[in-house]
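Asks: give me a model of this one.
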Amino acid sequence: MGKEKILVVDDEEDILELLKVNLVREGYRVLTADKGERSLEIATLEIPDLIILDLMLPGIDGLEVTRYLKSKDKTKLIPIIMLSAKGDETDIVSGLELGADDYVTKPFSPKVLIARMRAVLRRKSDETTNANATVRLHGVVIDTQRREVWIDGKFVDLTFTEFQVLYFLAKRPGWVFTRSQIVDAAKGDNYAVTDRSVDVQIVGLRKKMGEAGKYIQTVRGVGYRFKERS
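Replies: Okay, here's the model as predicted:
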């Protein structure tokens, strides 16, 4: 693999060492920090290609670290993968809404974490800023210029909001988005909405998409994602 620079932040020394050994073995350059304050210093100075960030840190916790980094022009584009204890769904949702890219729950397999890390790095590399891009995935074609959706060659008639939701999810396959993120992308920040209304849009989309509706996946307690390529 490449020689990307990875910052690992965790207050557990054994986890830091475990990840460092595995990442170095895969060819990555590794920086480590055991406190939130130190991670901010390193991230600002070194500008790593990705940060693996534990949410439960002494002093400045992982959510505050994420909030700070995403508020600064110098560091806001650094991808962040959160490490969270199982059951901390509220913190996971908060982290995603602050701008984190993915999460892994403890205990975790280093191989699984590295695979998720590679996926985030790949998606960041491949992501286009062209607003008129056509998305093609799993037989689904989303033409943003014509605002049309075709599945296996058949036209699918979607409402404005359904189109916006589908495009938002599909253009970043594999990313997990909370309901409020989906609403902001589809309707703008000032649109009053409830979690239930997002779920209704998803139900309608899946029904219209037929078999392809299975590619819109529910992430329990967090939100939704569009399935990555196999």
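
Asks: where does residue 66 fall, helix, sheet strand or coil?
Replies: helix (DSSP: H, G, I helix; E, B strand; the rest coil).

Asks: that one touches residue 99, doesn't it?
Replies: Yes: contact between residue 66 and residue 99 holds when scored by C-beta atoms under 8 Å: they sit 6.4 Å apart. For every residue, glycine as well, the C-beta is placed using N, CA and C.

Asks: just the residues contacting the helix or strand of the chain with the lowest mean pLDDT, thanks.
Replies: Every helix and strand of the chain was ranked by mean pLDDT, DSSP states H and E. The lowest is helix 179-187, at a mean of 80. Applying C-beta atoms under 8 Å, 6 or more residues apart in numbering, the contact partners of helix 179-187 are 96-97, 161, 164-165, 168-169, 177, 191, 193, 195, 197-199, 201, 223-224.

Asks: just checking, next helix/strand downstream of it?
Replies: helix 195-209 (DSSP states H and E).

Asks: whatever helix or strand comes next after that next one pairs with which strands?
Replies: Next along the chain after helix 195-209, taking DSSP H and E as the criterion, comes strand 216-219. Using DSSP bridges, strand 216-219 pairs in its sheet with strand 223-226 (antiparallel).

Asks: what residues of the partner strand count as buried?
Replies: 223-226 (16 or more other C-beta atoms under 10 Å).

Asks: ditto for stretch 9-19
Replies: With burial defined by 16+ other C-beta under 10 Å, the residues of stretch 9-19 counted as buried are 9-10, 15-16, 18-19.

Asks: residue ranges with poor pLDDT in this structure?
Replies: Where the chain drops to pLDDT under 70, the residues are 1-2, 86-87, 125-132, 187-195, 230.

Asks: just the strands in it please.
Replies: For the chain, the strands defined by DSSP state E cover 5-9, 29-33, 50-54, 80-85, 102-106, 134-137, 140-143, 148-151, 154-156, 177-178, 216-219, 223-226.

Asks: ok, back up a step: and the buried residues of strand 223-226, which is closest to residue 157?
Replies: residue 226 (19.5 Å; C-beta to C-beta).

Asks: surely that closest one and residue 170 touch.
Replies: Yes: taking contacts as C-beta under 8 Å, residue 226 lies within contact range of residue 170: 4.6 Å.

Asks: quick check: beta-bridge partners of residue 154?
Replies: Counting by DSSP bridges, residue 154 forms beta bridges with residue 151.

Asks: quick one: residues contacting the residue sitting nearest the centre point of the chain.
Replies: With distances taken as C-alpha atoms, centre = their mean, residue 101 lies nearest the centre of the chain, 2.9 Å away. Residue 101 sits next to 79-81, 120, 123-124, 175 when contact means C-beta under 8 Å, 6+ apart.

Asks: can you list the buried residues in stretch 197-214?
Replies: For stretch 197-214, a neighbour-count test (16+ other C-beta under 10 Å) marks 198, 201-202, 204-206, 208-209, 212 as buried.
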